[in-house]
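In: For reference, the sequence and a predicted model appear below.
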Amino acid sequence: MLNGYGGSILRVNLTTGKISKEPTPPEVARDFIGGRGFGIYFLTKEVPKGTDPLGPENKLIISSGPLSGMLVAGGGKCDWTTKSPLTGGYASASLGGLFTAEMKYAGIDSIILEGISPKPVYLFIDDNKIELRDAAPYWGKGTFEVEKEFKEKFGEEYQIAVIGPGGENGVAFAHINHDYGRQAGRGGVGTVMGAKKVKAIVVHGTKSVPVADVDAYRQAGMALYKACKEAEGLKEWTRYGTTIVVSWCDEVGALPTRNFSAGSFEDGKNLYGTVMREQIVITDKGCFGCPCPCGKYSSMKRYGTHVEGPEYETIGMLGSNLGFTNIEDVAQANLLCDDLGIDTISAGGVIAWAIEAYTKGILTKADTDGLELSWGNPQAVFALIEKIAKKQGFGALLADGVKKAAQKVGKGSEKFAIHVKGMEQSAYATHNATAMLISYMTCDVGAHHNRAWAITYDLQVGRDKVVPEKVARVIWLQNFRPMFDVLGACRLQWVELGIDRKLYEPLLQAITGIPRTWEDLEAVGNRIWNLTRLYWARENEGFGRAWDMPSPRFYEEPPQSGATAGQITRLEDVNRLLDMYYEQRGWDANGMPTPATIEKLNLGAFVS
Amino acid sequence: MTAIFRPMGMLKQYIGGQAEVAVPAGRTIRQTMTAFDMPPEIAALVLVNDEQQSKDYVLQDGDVVKLMAVIGGG
């Protein structure tokens, strides 16, 4: 019996229909703990080198952690890991909501989907009753309709993770939707689920989870809740959620504007969190066990619709980055992406690229199925979102992601395809924010913000400074922050409420029985980080330094307006940042872990 | 003629770790932050008497100012 765990790994071979369970390996729980750690372990060990992301050998690995579903403020996270169809490397997406708790109560730590089903199915889990069922009636439908139908069919206590047409049709950045508005969003995890012909996972569990010390568990769990409830920023954080940063990003030049050509938006005020709260938010919504619900549920009167969101990232990528000036238009674009099953960040990135290419004459109406693309044109964007999800006409080009679309179109459009490693950059403009820039460049899934959100540090120490301290900060964040995704808990309690992270230590010990400090956890995080790097190299011939380079926009094209007008990071500083990063990581000049680093981290068994 | 300046979380370090400090009215919030060597752009949210204001708001007698930083993003 593993304290803090469901106790089993569920394997579902979709090709044969065989469903089996095996005990969660204690040594994997010890070394990789859970969540994202389990994901990279199984991916590296079980998915052969060179696997086609959409082929039968790829696996989709869904893992909870020891804090998931427990008396833990924010213990509602699970990780979705696979080989990414968007990047060809490591994909790991975090899902909030209520799914992971039910999964754990069903006694499952990881669900591993293998093979490809001959026909559309959904996976039904109700404690020990686990079946593949016919999904033909649901195939082709939007995520909201399917979730509603399943809730009506099985009951509210059943939790649903579902793909939309985007995942079915092979859009490279398809996501998985859950609880009508929570997503495992990035890297194409929904694409892989769609390739496996799995429309949804329905899960419900009633089992107990063993803990090492019940009294200490209750005490430590309540101490964390108490700290959240007493946090001085709780009221404001709950009121605005992540939208609190829209106005701030606009002020400091980090708000992506018209395909990251600037970091401040002249109409940004219409998209601020205060405006959104006043104009469209109708209620707050939280994930499992959360005392500070950051989700905002919005009603769009001009469309007669409602949606959970938009979050900051979506406001940036489907708002200012597309030149939108009305928060209802942003929310409607959010709704379409969620229902059709595509990631709002990547969608915003690739659509912004298309608009810029059109305004520069690289694309014409002959390319866009007659659509006239321009900044601040919601109707055209809504049409594009649908075309992408269905891979119709021009949408099929965009559905492969911005890197491949720009490679196909060429004509210099590669220069304003804003991505790293093929993943569209999320919503922080990095013309003059060197810590955030190196964070994006070295992020283990591509240009995503959540591993090391370092932009405040840029402001504290001087945004254009290129110093080892900044790189050290980014590395620390990369080792530390993703550990929440390993543990199965949300990081926002620490991130935004400023909760003392030490409160997690006695809680984790009471649950698992294993004493671990944050220093211990960061060491695990460092090991996982290096393993993901080795995975990228294993899967991509010639992988190295060139893959870490950002879009030239951030070192060649200073914004013409806004807070960062005239500012860029020089190319030589980009390279200095990389040099410092590699040295501090113990990697060689090409960005690969050295033999000494591999040995020190005991990763030799993972290197072929 | 004073206002109460209440930086939250990490911003407390700029006023010596205290919970709050009295500041003169008549100056903008931006000027007041600068007086404490606090980079104005580091505060994500400025609330005066629980209403959001810009950093160019001129402090009035009796105002209570809360400043919230973005600690770690989304």
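Out: Yes, it's here. Residues are numbered from 1 along each chain as shown, chains lettered A, B, ... in the order given.

In: Up against chain B, what does the stretch 251-400 of chain A have?
Out: By CB under 8 Å from any CB of the partner chain, the part of the stretch 251-400 of chain A that sits against chain B consists of A:251-252, A:274, A:311-313. Every C-beta, even on glycine, is put in place using the N, C-alpha and C of the backbone.

In: Restricted to strands, list those.
Out: Using DSSP state E to define strands, no part of those is located there.

In: Closest one of those to A:R36?
Out: Of all these, A:R36 sits closest to A:E313, with 19.2 Å by CB to CB.

In: okay, and for the chain, where does confidence drop off?
Out: In the absence of a named chain, chain A is used. Chain A contains residues with pLDDT under 70 at A:608.

In: wait, I meant chain B there
Out: Scanning chain B for pLDDT under 70 picks out B:71-74.

In: quick revisit: a markdown table please, covering the residues of the stretch 251-400 of chain A next to chain B and showing distance to A:G286 and neighbour count.
Out: Formatted as a markdown table, these follow (distance: CB to CB, whole Å; neighbours: other CB atoms under 10 Å in any protein chain shown):
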| residue | distance to A:G286 | neighbour count |
| --- | --- | --- |
| A:E251 | 28 | 21 |
| A:V252 | 28 | 29 |
| A:T274 | 21 | 17 |
| A:E311 | 13 | 23 |
| A:Y312 | 17 | 29 |
| A:E313 | 18 | 26 |
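
In: Filter the residues you listed down to the ones in helices?
Out: A:251-252, A:274, A:312-313 (DSSP state H).

In: residues in chain A within reach of chain B, list them.
Out: Counting by CB under 8 Å from any CB, the residues of chain A near chain B are A:232-233, A:236, A:240, A:242, A:244-245, A:247-248, A:251-252, A:274, A:311-313, A:428, A:449-450, A:453, A:455-456, A:459-460, A:477, A:481, A:491-492, A:494-496, A:498.

In: which residues sit against stretch A:141-152?
Out: Applying CB atoms under 8 Å, 6 or more residues apart in numbering or on different chains, the external contacts of stretch A:141-152 come out as A:138, A:158, A:160, A:162-165, A:177-180, A:199-200, A:202, A:338-341.

In: Repeat the analysis, applying 7 Å as the threshold.
Out: Contact with stretch A:141-152 is made by A:138, A:158, A:160, A:162, A:164, A:177, A:180, A:199-200, A:202, A:338-341, as judged by CB atoms under 7 Å, 6 or more residues apart in numbering or on different chains.

In: Report the contact partners of the closest residue to B:G62 other than its chain neighbours.
Out: Of all residues not flanking B:G62 in the chain, B:A3 sits nearest, at 6.8 Å (CB to CB, 6 or more residues apart in numbering or on different chains). Residues near B:A3 by CB under 7 Å, 6+ apart: B:23, B:25, B:59-63, B:65.

In: If B:A3 is in a bridge, with which residues?
Out: Taking DSSP bridges as the rule, B:A3 bridges to B:V23.

In: follow-up on the earlier one: so which pair among the contacts of stretch A:141-152 is furthest apart in space?
Out: Farthest pair in the contacts of stretch A:141-152 (CB to CB) is A:Y158 and A:L340. Separation: 23.1 Å.

In: Give me the more crowded residue out of the two.
Out: With neighbours defined as other CB atoms under 10 Å in any protein chain shown, A:Y158 and A:L340 compare such that A:L340 has more, 26 against 19.

In: Tell me the spacing between the nearest residue to B:Q53 once chain neighbours are set aside and A:T368.
Out: In space, and not counting its chain neighbours, B:Q53 is closest to B:V46: 5.3 Å by CB to CB, 6+ apart. From B:V46 over to A:T368 the distance is 43 Å, taken as CB to CB, to the nearest Å.

In: Now do the strands in chain B.
Out: Using DSSP E, the strands of chain B run over B:2-7, B:21-24, B:43-48, B:51-52, B:64-69.

In: Can you lay out the ones you listed as CSV showing distance to A:L123?
Out: Formatted as CSV, those follow (distance: least, CB to CB, whole Å):
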stretch, distance to A:L123
strand B:2-7, 50
strand B:21-24, 57
strand B:43-48, 41
strand B:51-52, 46
strand B:64-69, 43
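
In: Of the ones you listed, which is nearest A:G74?
Out: For A:G74, the closest of the strands of chain B is strand B:64-69, at 19.3 Å, according to CB to CB.

In: Counting neighbours, what do you get for residue 50?
Out: As the question left the chain open, I've gone with chain A. If we define neighbours as other CB under 10 Å, then A:G50 has 12 of them.

In: Hmm, no, I was thinking of chain B.
Out: 9.

In: repeat for A:I112
Out: Residues lying near A:I112 (other CB under 10 Å) number 22.

In: tell me which element it falls in.
Out: Assigned by DSSP states H and E, A:I112 falls within strand A:108-114.

In: Equivalent analysis for A:A383, please.
Out: Taking DSSP H and E as the definition, A:A383 sits inside helix A:378-390.

In: who does that helix touch, helix- and strand-wise?
Out: Counting contacts by 3 or more CB pairs under 7 Å, 6 or more residues apart in numbering or on different chains; DSSP states H and E, helix A:378-390 is packed against helix A:165-168, helix A:327-340, helix A:344-359, helix A:394-398.

In: For it, buried residues please.
Out: A:378, A:380-385, A:387-390 (16 or more other CB atoms under 10 Å in any protein chain shown).

In: got the angle between that helix and helix A:344-359?
Out: 120 degrees (axes from the mean of the first three to the mean of the last three CA atoms, to 10 degrees).

In: Pull the distance from helix A:378-390 to the chain's centre.
Out: Helix A:378-390 has its C-alpha centroid displaced from the chain centroid by 22 Å (CA atoms, centre = their mean, to the nearest Å).

In: can you tell which of the strands of chain B is closest to A:S346?
Out: strand B:43-48 (25.6 Å).

In: Give me the sheet partners of that closest one and which way each runs.
Out: Using DSSP bridges, the strands paired with strand B:43-48 are strand B:51-52 (antiparallel), strand B:64-69 (antiparallel).

In: Can you give me the buried ones in the longest one?
Out: If I follow you right, that is strand B:64-69. B:65-69.

In: For the stretch 51-200 of chain A, which segments count as strands?
Out: A:60-63, A:78-83, A:90-95, A:108-114, A:121-126, A:129-134, A:159-162, A:176-178, A:182-184, A:198-204 (DSSP state E, counting those that start in this stretch).

In: Include distance to A:L322 when you put the ones you listed into CSV, please.
Out: Listed next are the strands of the stretch 51-200 of chain A as CSV, based on distance: least, CB to CB, whole Å:
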stretch, distance to A:L322
strand A:60-63, 31
strand A:78-83, 27
strand A:90-95, 23
strand A:108-114, 34
strand A:121-126, 34
strand A:129-134, 39
strand A:159-162, 26
strand A:176-178, 22
strand A:182-184, 19
strand A:198-204, 30
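
In: So which of the ones you listed is nearest A:P293?
Out: Nearest to A:P293, of those and by CB to CB, is strand A:182-184 at 11.8 Å.
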